[in-house]
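1. Sharing a model that was predicted from the sequence below.
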Amino acid sequence: MTLATVAFTGRFTGYPFPFCQATTDQLGNALTTTKGETQLSPTPLTRMRAGLPGAMLAEFFGTFVLLLLGLGTCAVNVVGLTGSGRQTVPFEPANWLINVFGWAFAVMLAAYLAGGISGAHLNPAVTLAFAIRRKFEWKNVIPYWVAQTVGAFCGAAAVYAIYGPAIDDFNAAHHLARPDSPDTYSIFATSPASYFHGGYAGPLVDQLVGTAILVVLIAALIDHRNQAPAGNMAPLIIGLIVAVIGCSYGTNAGYALNPARDFGARLFAYLEGWGKLAFSGNYGQTTQYWWIPIVGPLAGAIAGIFLYDFFIGHVLEARAAMQLTPEPGLAPPPTTDAASAVAGPVTVEDSADPGDTVAEERAA
């Protein structure tokens, strides 16, 4: 019972620097004088935070919070409600809705948390799609993947630290060792439905299609040439996208849709004693399942970003090139190639003074 993640983008604004509260000691005595005016010169630590290391911190923490809340929802369903005595009547399908909306809110809040720094990819599949078609720098892909996976691992560890006694109590009540307890394992990582009868094609296609849907709709939500939502509403809507994917396809393979979310938590479960359930993903009829929630989402993300560009993005580009305005009520006039850039680490160009840029344009 699982989920994915997301990418909330918008133009990166950088790490806020509290000029009005800082002292020279706090800023590393980094005061310089230019043209008779006192200015602050960024310290090496500030430069690191504004660049790739800062974006990695945001991806780590965003993914950590995503799993802290999402896996916590799974733990409530499996061991929390029944073990605490707070569920005396079976909820039946309502338990699935707890998962669906718990993960949806987890995605939304994690995106709000990290979106202004790293773009809140929180998902290696989204990062890959943005590198292929949205000018996200390839040199940042592996660092993002590492930060996301470590964040997922730590999020799983935090959930285990909180629900460990409930997990042990559940297993003891059912006379199960951890390697023989697929219910408690499902708190952390995904597995396929029994109706696939051990086949790989069904779960793989499920992950591919689910992630493609996610990326197609994320691409639409951040494309300002299209009808991108205003008022910082994109994370909320992405959370709803995750909810509808969970409602429509989640039972097939647990809608991981996110290699870091599944692999990081799966690795933690393996180290904590769930054995073959985690690695290599042996569920009776199905064996060696662990790679499906990695390959499926990565392939689906690539398919999704190309599908969006083929059916929507290139049409918007053509209208912009021809300077055609859509009929009133259909879509806003095409303006820029805003969809071709996504948030990420600050560069020297990004951190330039806007006034200097305007002056240079006027001089040109």
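-> Alright, I've got the coordinates.

2. Once you drop chain neighbours, what's closest to residue 152?
-> residue 264 (2.8 Å; CB to CB, 6 or more residues apart in numbering). Just so you know, the C-beta spots here come from the backbone N, C-alpha and C atoms, and that holds for glycine as well.

3. Walking through the stretch 51-200 of the chain, point out its helices one by one.
-> 52-75, 81-84, 93-118, 124-133, 141-173, 182-185 (DSSP state H, counting those that start in this stretch).

4. list the helices and strands the helix or strand where the residue nearest to residue 152 lies packs on?
-> If you go by DSSP states H and E, residue 264 is part of helix 259-269. For helix 259-269, the packing partners by 3 or more CB pairs under 8 Å, 6 or more residues apart in numbering; DSSP states H and E come out as helix 52-75, helix 124-133, helix 141-173, helix 292-308.

5. How many neighbouring residues does residue 127 have?
-> Counted with other CB atoms under 10 Å, residues neighbouring residue 127 total 31.

6. Show me where the protein dips below the pLDDT cut-off.
-> 1-39, 324-344, 346-364 (pLDDT under 70).

7. wouldn't residue 206 be in contact with residue 252 here?
-> Yes: between residue 206 and residue 252 a contact is recorded at 4.1 Å, counting by CB atoms under 8 Å.

8. OK, contacts around residue 246?
-> 3, 96, 99, 100, 103, 104, 255 (CB atoms under 8 Å, 6 or more residues apart in numbering).

9. Can you tell me which of those has the most neighbours?
-> residue 3 (35 neighbours).

10. now residue 310: how far from residue 135?
-> Distance of residue 310 to residue 135, given as CB to CB, to the nearest Å: 18 Å.

11. sorry, back to before: what's the angle between the helix holding residue 264 and helix 52-75?
-> Angle between the axes of helix 259-269 and helix 52-75 is 70 degrees (criterion: axes from the mean of the first three to the mean of the last three CA atoms, to 10 degrees).

12. Contact partners for residue 302?
-> Counting by CB under 8 Å, 6+ apart, residue 302 has contacts 128, 129, 132.

13. Chain neighbours aside, what residue packs nearest to residue 213?
-> Per CB to CB, 6+ apart, closest to residue 213 is residue 245, 6.0 Å.

14. For residue 94, see how far away that neighbour is.
-> For residue 245 relative to residue 94 (CB to CB), the value is 19 Å.

15. Please apply the same query to residue 173.
-> 22 Å.

16. do residue 250 as well
-> Residue 250 is 14 Å from residue 94, by CB to CB.

17. Please apply the same query to residue 56.
-> 38 Å.

18. Looking at the two, which one has more neighbours?
-> Ranked by neighbour count (other CB under 10 Å), residue 56 and residue 94 place residue 56 first, with 21 against 9.

19. quick one, what contacts the residue lying closest to that one once chain neighbours are set aside?
-> Take residue 56 and drop its neighbours on the chain: the residue closest to it by CB to CB, 6+ apart is residue 147, 4.1 Å away. Shown in contact with residue 147 (CB under 8 Å, 6+ apart): 55, 56, 57, 59, 60, 63.

20. next one: residue 152
-> Neighbours of residue 152 in contact, by CB under 8 Å, 6+ apart: 63, 64, 66, 67, 260, 261, 263, 264, 265.

21. Give me the number of neighbouring residues for the nearest residue to residue 229 once chain neighbours are set aside.
-> Of all residues beyond its chain neighbours, the one nearest residue 229 is residue 237 (5.9 Å), with distances taken as CB to CB, 6+ apart. Look at residue 237: counted by other CB under 10 Å, it has 19 neighbours.

22. And the one 5 residues further on, by the same measure?
-> When neighbours are counted by other CB under 10 Å, residue 242 registers 30.

23. Does it lie in a helix or a strand, and which?
-> Per DSSP H and E: helix 234-253 holds residue 242.

24. can you pull the contacts of the residue nearest to residue 306 when sequence neighbours are not counted?
-> By the measure of CB to CB, 6+ apart, the closest residue to residue 306 outside its immediate chain neighbours is residue 133, 7.0 Å from it. By CB under 8 Å, 6+ apart, the residues touching residue 133 are 305, 306, 309.

25. Which one (most neighbours) among these?
-> Top of the contacts of residue 133 by neighbour count (other CB under 10 Å): residue 305, with 25 neighbours.

26. re the thing from before, looking at the helices and strands packed on helix 259-269, which is closest to residue 227?
-> Evaluated with CB to CB, these place helix 292-308 nearest to residue 227, the distance being 13.4 Å.
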